[in-house]
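Visitor: sequence and computational prediction follow.
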Amino acid sequence: MKKYMKTTLGRKLTAFYLILFLISFYFMQTLGYQYIYEMVVSETQENLHSAGTALLDMHIYQQAYTEESILTLRTHFNMASETAQCRIIIISHTGKVLMDTSEPNSTYNIYQGNASFLQKSYVQNFTMNGYLKEPSLCVTIQLEKNPYLNGYLVLSKKNSFIQVRADYYFNILATLFYLIMSTLAVAFICLYIFNFRPLKKLRNGAKDFSIAHDNPPIIIKSNDEYGELAQTLNIIGAELSKFEEYQRKFISNISHDFRSPLTNIRGYVQAMADGIVKPEEQEKYWNIILSETDRLTTMTTKLLDANRFDRDNIFLNISDFDIQEAIRNTADALQGSADKKHIVFELMPAREKPLMVKGDPDKIQQVLYNLMENAIKFSHENSSIIVGTRTRNDKVFVFVKDTGIGIPKEELSRIFDRFYKTDMSRGKDKLGTGLGLSISKEIMDAHKQTIDVVSTVGVGSEFVFTLLRA
Ligand code: ADP
């Protein structure tokens with residue numbers, strides 16, 4: 001199997017830096033150098049031109065010099081040549097070199113070659129038809145205002161001089177470049193240390209969580225976004241492991257809860273098929289089978305309900321309805337189960353005065369049914385359950401109070417979780433799926449109302465939910 005090199009952010013950053021370095025280095029060496037060289041040429045040309053113009057204005061145009069008398073200006077020319085660090089040459093219109101600050105006795109005639117350069121204001125990299133030993137930058141100014149001296153003033157600077165100057169500027173540029181690149185490298189390293197290390201920790205932690213949810217927490221001590229992210233991941237991890245625990249519990253509960261009615265049904269059906277059951281007892285067995293299938297149906301319906309609420313948000317059909325009437329209806333529906341345990345419902349207030357509330361009547365009836373059914377399930381025989389309402393301002397508090405087994409303090413916070421059944425209740429209630437209260441909570445949340453419980457083990461429980469008055 002082919003193994004590909006993993007692209008980590010560190011590698012990407014290094015590659016990015018190297019590419020950036022190489023590209024900038026290439027451009028600095030080519031375009032950068034060219035730009036600096038041209039800048040030095042144009043600066044030199046300007047300097048030479050102003051030095052030449054100054055010479056003309058201050059000396060050559062001051063008197064009517066001839067080709068011979070111009071030599072009296074040699075001292076000025078030499079001084080100007082030293083100041084401007086250039087060679088100054090005067091050429092007559094016939095091409096004869098009249099004066100040259102570097103060759104005092106020159107008799108060269110540059111018309112031996114092509115003298116068209118004299119028509120141009122400046123020429124680069126030029127030897128004046130072999131007159132100059134080294135290629136130079138030459139600036140030419142025509143002598144116009146002197147009737148006796150017709151010719152050209154040429155100021156030249158050697159290429160090597162320009163080169164040295166360009167190199168000087170280029171070195172400054174290169175130093176700046178290396179300085180910027182080193183700063184960038186340091187910045188990238190800091191970026192790596194401050195970002196990728198915690199990122200790596202987070203990645204590894206998240207990977208571990210994806211494999212097993214009860215891993216040790218990710219530890220990032222900083223207070224920045226990474227620290228926050230690590231904390232969030234730890235919370236998610238803890239929630240996941242809690243959820244896994246619930247699921248494990250649920251599956252074991254649910255399989256236990258489904259298995260017992262199925263075993264019963266199978267036993268009775270088998271007995272009847274084998275003819276062991278006397279004909280006069282058959283009806284009793286049929287009824288048991290029927291009640292066991294009812295148990296299975298109830299469990300399945302609750303599971304489906306929970307699943308439906310999970311998938312779609314609860315859709316409420318809000319209207320005004322009488323909560324007292326809803327309580328009475330629920331009590332009537334549960335009268336049969338209550339009677340079996342000789343439990344009585346005490347409704348409060350007892351008088352039949354309507355109390356109108358806002359909500360989805362069917363869903364609220366479902367909540368009442370869940371609470372009152374639980375109260376029956378977890379109450380002792382011959383006890384009573386108080387169901388009623390209290391009003392405060394625009395709120396109605398509906399309560400269901402029993403004197404049953406109660407709920408241990410440490411489990412109170414979890415009974416509204418899905419599939420949760422207290423250890424105490426398990427023996428008493430084989431039918432339960434641990435979904436009734438979580439469904440009730442979801443319904444009350446959808447109404448933007450609350451549902452709460454106060455309970456003491458061995459004394460009883462009181463569930464209270466709120467509604468808005470109509
Ligand atoms: P179920 O559908 O199994 O009754 P619920 O979600 O309604 O599940 O209740 C969850 C658990 O809360 C029950 O299994 C029981 O342990 C506890 N519980 C609920 N109501 C009461 C109550 N009135 N008295 C004691 N325990 C209760």
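Guide: Structure received. Numbers count the residues shown, from 1 in each chain.
Visitor: neighbours of the residue of the stretch 51-200 of the chain found nearest the ligand, how many?
Guide: Shortest the stretch 51-200 of the chain-to-the ligand distance, computed as CB to the nearest ligand atom: residue-wise this is Pro198, at 41.1 Å. From N, CA and C alone the C-beta is placed, and that goes for glycine too. Using other CB atoms under 10 Å as the criterion, Pro198 is surrounded by 20 other residues.
Visitor: how about the one 3 residues further on?
Guide: One way to gauge burial is a neighbour count; for Lys201, by other CB under 10 Å, it gives 16.
Visitor: likewise His49?
Guide: Applying other CB under 10 Å, we find 16 other residues in the vicinity of His49.
Visitor: show me the shaky parts of the stretch 101-250 of the chain.
Guide: Residues of the stretch 101-250 of the chain meeting the criterion pLDDT under 70: 112-115, 213-214, 249-250.
Visitor: how about the helices in it?
Guide: Along the stretch 101-250 of the chain, counting by DSSP state H, counting those that start in this stretch, helices occupy 159-191, 197-211, 225-273.
Visitor: got CSV for the ones you listed, with distance to Glu82 too?
Guide: CSV is the format used below for the helices of the stretch 101-250 of the chain (distance: least, CB to CB, whole Å):
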stretch, distance to Glu82
helix 159-191, 14
helix 197-211, 64
helix 225-273, 67
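Visitor: mind checking the SS state of the residue of the chain found nearest the ligand?
Guide: The nearest approach of the chain to the ligand comes at Gly432, 2.1 Å away (CB to the nearest ligand atom). Secondary structure, DSSP: H, G, I helix; E, B strand; the rest coil: Gly432 is coil.
Visitor: give the burial count for it, as a bare number.
Guide: The number of residues packed around Gly432, counting by other CB under 10 Å, is 24.
Visitor: over to Ile189?
Guide: Here the neighbour count serves as a burial measure; for Ile189 (other CB under 10 Å) it reads 12.
Visitor: show me what contacts it?
Guide: For Ile189, no contacting residues are found, by CB atoms under 8 Å, 6 or more residues apart in numbering.
Visitor: for the residue with the largest distance to the centre of the chain, grab phi and psi.
Guide: Taking CA atoms, centre = their mean as the measure, the residue most remote from the mean C-alpha position of the chain is Glu68, 85.1 Å away. Phi and psi for Glu68, reported as degrees, to the nearest 10, are phi -90, psi -40.
Visitor: for it, report the pLDDT, please.
Guide: What the model reports for Glu68 is a pLDDT of 84.
Visitor: repeat that for Leu431.
Guide: Per-residue confidence (pLDDT) for Leu431: 63.
Visitor: just how off-centre is the host helix or strand of Val357 within its chain?
Guide: With elements taken from DSSP states H and E, the one containing Val357 is strand 356-359. Taking CA atoms, centre = their mean, to the nearest Å, one finds strand 356-359 lying 44 Å from the centre of the chain it belongs to.
Visitor: can you map out the strands along the stretch 251-400 of the chain?
Guide: In the stretch 251-400 of the chain, the strands defined using DSSP state E, counting those that start in this stretch lie at 319-322, 344-348, 356-359, 384-392, 395-401.
Visitor: list the contacts of the third one.
Guide: Spelled out, that is strand 356-359. Outside of strand 356-359, the residues that reach it under the criterion CB under 8 Å, 6+ apart are 316, 318-323, 364, 396, 447, 449, 467-470.
Visitor: and the longest one, by the same measure?
Guide: Residues lying outside strand 384-392 but in contact with it, judged by CB under 8 Å, 6+ apart, are 323-324, 327, 330-331, 338, 343-349, 355, 368, 372, 375-376, 379, 396-403, 469.
Visitor: pull up the pairing partners for that strand, direction included.
Guide: strand 344-348 (parallel), strand 395-401 (antiparallel) (DSSP bridges).
Visitor: tell me the most buried of these?
Guide: Comparing the strands paired with strand 384-392 on average neighbours per residue, with mean count of other CB atoms under 10 Å, the densest one is strand 395-401 at a mean of 20.
Visitor: tell me the mean pLDDT for that strand?
Guide: The average of the pLDDT scores along strand 395-401 is 97.
Visitor: just the CA trace of it, in PDB.
Guide: Presented in PDB, the C-alpha positions along strand 395-401 are these (Å, rounded to 0.1, in the frame of the first residue of the first chain):
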ATOM      1  CA  LYS A 395     -49.000  31.500  36.300                       C
ATOM      2  CA  VAL A 396     -50.700  28.300  37.200                       C
ATOM      3  CA  PHE A 397     -48.800  25.600  39.100                       C
ATOM      4  CA  VAL A 398     -50.000  22.100  38.500                       C
ATOM      5  CA  PHE A 399     -48.900  19.500  41.100                       C
ATOM      6  CA  VAL A 400     -49.000  15.800  41.500                       C
ATOM      7  CA  LYS A 401     -48.100  14.700  45.000                       C
END
